[in-house]
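Engineer: The sequence isn't on hand, but the structure is:
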């Protein structure tokens, strides 16, 4: 069938779309274009990742060589590392801020907000998000939230030091630890801003996916990336507001004398506190009601993106698309009701513990199916080991390894033993650390040509992969075994305890691997910056992929699709269809030309 | 390679249908926003229930003006509905009056809530006095913040109604805004019922 000239047919869901705003500021700074907002989120998130990595570096220097005098660092950090040796208070602030920044300001910004904004309209065939102005507002509130969090390093007492979970009483009593002075207040304000920003973004995701899909883009023809953003957004919308309530109550406990979370008879620094009757456990419930869905908000998009990339680099359809969608939904539902598994040792009723155990272990069913389908997608494919594909394979490896540890932690009986040990640290770094990190890198390498019209270096990408994958695996695989040996998390030094002394050698190995891992990210940053300016020009569809974003120019123009919105005729994984001249069939190809398989 | 199949005989869609679709998108957003507010107050409720069971719970006497405020908020919702009814009938002047009355009563409600706080404070009942008083202050406060936001929306809509020009697209946008702010405003009235019952009865 000959290429037909585009007639100006009015599309049903065509919104009135403004001409691109003129002027640098309106176009690139205060832009309402979802692509610019997505890139703004990604760049902000990458900056926060650099900060978070530097904190990790300090943590590992302390754990590897606890008594060493780092003269240069002592000069750079006169309060936290006066005379070159870290203070315990500073160490607590470091682990708190490392966790907070990586979870909320790196992975969340780059993967969920960044790629979510960039990909959703392009992959469903819309010109922009449903509420472009709200979208812009979401980014600027997010930036403010990040700045408030960074500012907390510079206030009296330094940054928050009660852990990324901010459990009271430590977080509620200003005199408990230096970071609980102003640092904790800024932490709470920053989180409230983060939740407000995410709410604006999440409303956009759900409304856009519900309302602005191109003609023919049935829900069951959406990519798994879009599905995962959709589920993640719904989870975030429902699970995040309760922490706002908790943050309000904690702020009132801290500054206005209420007793929501502070029990009677608390003595801090020899002084009896006037609070009475509050429940620290209440905070734990409210926090984990956000905290647990949050890990799915982060990991589902990484898994969705991995599923989208698999067919591109195996040249065959994804295995079990429908089942993957149902698994995402099942995980989304179950993920909302298992928060208690973070609190097995909090003295909860054994009946609650049993429920939370069973519900948690139920999640392994859809997740195991999901992982098995990813591996089945590899079967019989023509594997092309490009950089994005290497990272996707890394995602599968980490997902399997880390998920296996989850079986032990989800079970209350085993968790009693493992709680607050490095087993937990290893587990969650594989999952919301590793799966999401590798998923983020896969996404960046894969969509970089679309975003900037240039390709990243394959060679340095592969170097980056191996220098990330091997040290990461070393660090967090070993930490599982440290946990099994009883090494507790959050301790500032392991030299003061007889039973932990033999583990110092392992800590040195882990620290060396962690430093290699962090240094390797310089390869990525250099490749990223270099490719922005000097990278090879990318054509429209460099990976020979099928989804809608690859049918438009790189980078896509304002409004994404020119005069007429695309019409979708098939699912997103149409590879190696019999009767097609090419081994891929874009979603816009009509059924008269190539048979539709799904 | 790219085929947009634009020549397929899809039915053409006119501006009215597109405007109606935009109505749906905006209403969807409003309802999702309401869901997040529901979750916020669900969290406060669960905290209330947990805290209620502690031995130091001493109920405080609530100011009677809260009953007046409740009536004011109901009146505000009714005025808004009156305004919307008039606007559907094309009576733009009555619609403007209804909206302005709703916004005025909304302001009165906020003033009444502040009066209730002052009355509590005058009686020596402060935030930390008892867990019940903490919840009363915080729940009315958080609800009040939402009312203030709804009020901004309502006043903006009323101003738009005052400036409705001859341009059709502008009027469709105003009607959309009116529906959205009315949904949010009635929700806030219902939410106030809930909060009031929670702190009074439970």
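Structural biologist: Sure, I can see it. Keep in mind that this is a model prediction, so the values were computed, not measured. Residues are numbered from 1 along each chain as shown, chains lettered A, B, ... in the order given.

Engineer: From here on, just use CA atoms for contacts and neighbour counts.
Structural biologist: Will do.

Engineer: what about stretch B:59-66 and chain A, any contact?
Structural biologist: No: contact of stretch B:59-66 with chain A (C-alpha under 8 Å from any C-alpha of the partner chain) is absent, the minimum separation being 14.2 Å.

Engineer: Can you give me the end-to-end span of that stretch?
Structural biologist: Start-to-end span of stretch B:59-66 (C-alpha to C-alpha, to the nearest Å) is 16 Å.

Engineer: Mind listing what's buried along it?
Structural biologist: For stretch B:59-66, burial by neighbour count (16 or more other C-alpha atoms under 10 Å in any protein chain shown) applies to B:60, B:62-63, B:66.

Engineer: Summarise which helices and strands the lengthiest helix in chain A is packed against.
Structural biologist: Looking across chain A with DSSP state H, the single longest helix is helix A:280-314. Helices and strands touching helix A:280-314, by 3 or more C-alpha pairs under 8 Å, 6 or more residues apart in numbering or on different chains; DSSP states H and E, are helix A:224-239, helix A:241-255, helix A:321-335, helix A:350-378, helix A:387-410, helix A:436-452, helix B:15-52.

Engineer: run the last query once more with 6 Å
Structural biologist: helix A:224-239, helix A:436-452 (3 or more C-alpha pairs under 6 Å, 6 or more residues apart in numbering or on different chains; DSSP states H and E).

Engineer: That helix - what's its average pLDDT?
Structural biologist: Averaging pLDDT along helix A:280-314 yields 96.

Engineer: Adding mean neighbour count, mean pLDDT and distance to chain B as columns, could you present the helices and strands packed on helix A:280-314 in CSV?
Structural biologist: Supplementary listing: those in CSV, determined by neighbours: other C-alpha atoms under 10 Å in any protein chain shown; pLDDT from 0 to 100; distance: least, C-alpha to the nearest C-alpha, whole Å:
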stretch, mean neighbour count, mean pLDDT, distance to chain B
helix A:224-239, 25, 97, 6
helix A:436-452, 24, 98, 16
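
Engineer: Kindly reformat these as CSV containing distance to residue B:130.
Structural biologist: Output for these, formatted as CSV (distance: least, C-alpha to C-alpha, whole Å):
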stretch, distance to residue B:130
helix A:224-239, 29
helix A:436-452, 45
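
Engineer: Spatially nearest residue to residue B:105, not counting backbone neighbours?
Structural biologist: residue B:76 (5.2 Å; C-alpha to C-alpha, 6 or more residues apart in numbering or on different chains).

Engineer: er, residue B:54 I mean
Structural biologist: Using C-alpha to C-alpha, 6+ apart, the nearest residue to residue B:54 is residue A:277, at 5.9 Å.

Engineer: okay, now the one you found: neighbour count?
Structural biologist: Applying other C-alpha atoms under 10 Å in any protein chain shown, we find 21 residues neighbouring residue A:277.

Engineer: quick one: it from residue A:252, how far?
Structural biologist: For residue A:277, the distance to residue A:252 - C-alpha to C-alpha - is 15 Å.

Engineer: next one: residue A:141
Structural biologist: Distance from residue A:141 to residue A:252, by C-alpha to C-alpha: 23 Å.

Engineer: cool, residue B:81 as well?
Structural biologist: Residue B:81 is 37 Å from residue A:252, by C-alpha to C-alpha.

Engineer: Phi and psi next, for residue A:584.
Structural biologist: Main-chain torsions, residue A:584, degrees, to the nearest 10: phi -140, psi 150.

Engineer: and the closest residue to it other than its chain neighbours, how many neighbours?
Structural biologist: Sequence neighbours aside, residue A:575 is the residue nearest to residue A:584 in space, at 4.3 Å (criterion: C-alpha to C-alpha, 6+ apart). Residues within reach of residue A:575, counting by other C-alpha under 10 Å, total 23.
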